[in-house]
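okay, sequence plus prediction incoming.
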Amino acid sequence: SSLTNPPNNTIMKKFIQLLVAVAFLATSGTAAMAQCTNTIQYGSATVNTNGTVVTISSCSYAGEYSPISGATAGQTLKFTSTVPGGTITVRSGSSSGPVVGFGSSPLTVNNSFTGTLYVHWNTAGCGSQSSCYVTTVQCVSCVAPPAPTNDLCSGAISVSCGSTVSGNTAQATPDAAATCVTTTGTGGGLWYKVIGTGGFINANTCAGTSYDSKLSVYTGTCSGLVCVTGNDDACGLQSRVSWCSVQGQAYYILVHGFGAAQGAFSLSVDCTPPAVSINAVTPRCAGGANVTLSANFPGGTFSGPGVSGNTFSPTAAGVGTHTITYTVCSVVATTTISVLAAPSNDGCANAAPIACNSSVTGSTTCASVDAGLSFCGTTGGTAPGVWYSFTGNGGFASLSTCNAATNYDTKLHVYTGSCGALTCVAGNDDYFSTGETCSFSGLRSLVEFCTTPGTTYYVLVHGFSSGAGNYQLDLNCTAPLTVDAGACQTRFVGYSGPG
């Protein structure tokens, strides 16, 4: 490949340094020329004990030296330089230490020193030259250790429930196995095999693993692997997998790493069933939308009233509390889902009576929306609502949801007339005013008005926007007034504030 020249300022600095080196060499005498000693350091490397060629620098200058670490006595080392007709001097311990080898490139040295070597690069006669040259080192006597016996699927080591094995992927080769939940083939991996018990099998590298590990589990044959499950980071940067096994089926576990990560690991295998649970489902309304069921462990089967596949139908189940079962690998989990009926006072025609100076509680959650209502102190027809009725006594009436039992943003409407022809009396959304504010929440509601003796009043409890929830409705009435209606109107009416 082509070499890229260093920036001009780098070349200038190295040129000046070389002038100093030339001056030194010129005064070193003829004897020093045979075995060169340079004073400028550039580039460094570590001996690869697998025998791989290591590039020291792609731009060494003749007249420089490079430290080489990791050398061991007894190694045969080969040094190369692309300097034309160049010489190489290898010193030990320091840049001016004893010479362990000298000659032209390529230079092979039977190394007798353990520690750092200092390799001096020169043209003939210990000369220097300010041009880029490639320099390398290789341990030609070093042999890469053999790949582990379970480097390939065909050599998978058998493990069993309750066992822990240790290994190291440093010498393993990347595998061509298909992606299995997480990608494979980016770093070396080792193979293990476990026989299915008919129950759960769990495998993990969570403890005793020194690198970012991955796990992939397959069935089939080594020439036709089928993904079962896989994981990258379940316990920090380590991995954990669980699956439901088939009795007698062989499962191949590949221990590998994220990217090119490799290193020592500990693989533990056990057959303890995990805790399986169904994700909770809130109460549903009869006739409401279907619900998708889910559990914390995949691959199981749901069953129970209103269940089809992983879908629960409130309509099919009907009103009541239903037990739902989830079975995976002989482990059974259950939960209950409540289907609620619409309130009995859903709709004006079903208005429930409320007596003066009393309270009623309920929920609008499964009520219907009363569409088509005109503005009455506040808008209506957007949220589920329930109805109450009482008869006026000629006194002053106060209706409120300002209490601890109400848990959502309510609205109140009061009407007279008939359910088919309602006439607005008062309405309120948020009970906050200059004179008085609900101490529980400004999102509660209050209406106050004078009643006419014998007149039926219809009260709608509903919510802001599509809001629904639990409520308590308080009705307080005064004794019949002896004053005229004008005096009665000095009290609160709807949300208009104090009179």
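That came in fine, so what should we check first? Numbering: from 1, shown residues only.

state the distance from the residue nearest the centre of the chain to G299.
Compute the mean C-alpha point of the chain, and by CA atoms, centre = their mean the closest residue is D233, 9.1 Å away. Distance from D233 to G299, counting by CB to CB, to the nearest Å: 21 Å. No exception for glycine: its C-beta is placed from N, CA and C like everyone else's.

do the same with V241
Distance from V241 to G299, counting by CB to CB: 13 Å.

repeat for N38
N38 sits at a distance of 68 Å from G299 (criterion: CB to CB).

picking up where we left off before, so the residue nearest to the centre of the chain is in contact with G257, correct?
No: applying CB atoms under 8 Å, one finds D233 not in contact with G257, separated by 11.5 Å.

sheet-wise, list the partners of the helix or strand L225 falls within with their directions.
For L225, the host element (DSSP states H and E) is strand 224-231. Strand 224-231 pairs in its sheet with strand 213-221 (antiparallel), by DSSP bridges.

report the buried residues of the partner strand.
The neighbour-count check on strand 213-221 (16 or more other CB atoms under 10 Å) flags S213, K214, L215, S216, V217, Y218, T219 as buried.

and the contacts of it?
With contact meaning CB atoms under 8 Å, 6 or more residues apart in numbering, strand 213-221 is reached by 177, 180-182, 184, 203-205, 225-232, 237-241, 243, 249-258, 261, 265.

average pLDDT across that strand?
For strand 213-221, mean pLDDT rounds to 95.

swap in stretch 127-141?
For stretch 127-141, mean pLDDT is 94.

take that stretch, keep the C-alpha atoms, and write them as CSV.
Provided in CSV are the C-alpha atoms of stretch 127-141 (Å, rounded to 0.1, in the frame of the first residue of the first chain):
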residue,chain,number,x,y,z
GLY,A,127,24.3,7.0,7.7
SER,A,128,20.9,8.8,7.9
GLN,A,129,18.3,9.7,5.4
SER,A,130,15.1,11.8,5.9
SER,A,131,12.7,9.6,3.8
CYS,A,132,9.9,7.4,5.1
TYR,A,133,10.7,3.6,5.4
VAL,A,134,8.6,0.7,6.7
THR,A,135,10.1,-1.2,9.6
THR,A,136,8.8,-4.5,11.1
VAL,A,137,9.6,-7.1,13.7
GLN,A,138,8.5,-10.8,13.7
CYS,A,139,9.2,-13.7,16.1
VAL,A,140,9.8,-16.4,13.6
SER,A,141,10.3,-19.0,16.2
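
start the count at 27 instead of 1 going forward.
Got it, the first residue is 27 from now on, which makes the last one we talked about stretch 153-167.

can you classify A375 by secondary structure?
Assigned with DSSP: H, G, I helix; E, B strand; the rest coil, A375 falls in the helix class.

sorry, that was for A342
Applying three-state DSSP: A342 is helix.

could you measure it against Q275, distance?
Counting by CB to CB - A342 and Q275 are separated by 37 Å.

what does L399 give?
As judged by CB to CB, L399 and Q275 stand 64 Å apart.

quick one: which of these two has more around it?
In terms of neighbours (other CB atoms under 10 Å), L399 is the more surrounded of L399 and Q275; the figures are 20 against 14.

pretty sure that one is touching T408, no?
No: contact criterion CB under 8 Å: L399 and T408 do not qualify, at 9.4 Å.

can you say which of the contacts of strand 239-247 are buried?
Neighbour-count burial (16+ other CB under 10 Å) is assigned, among the contacts of strand 239-247, to 203, 206-208, 210, 229-231, 251, 253-258, 263-265, 267, 269, 276-284, 287, 291.
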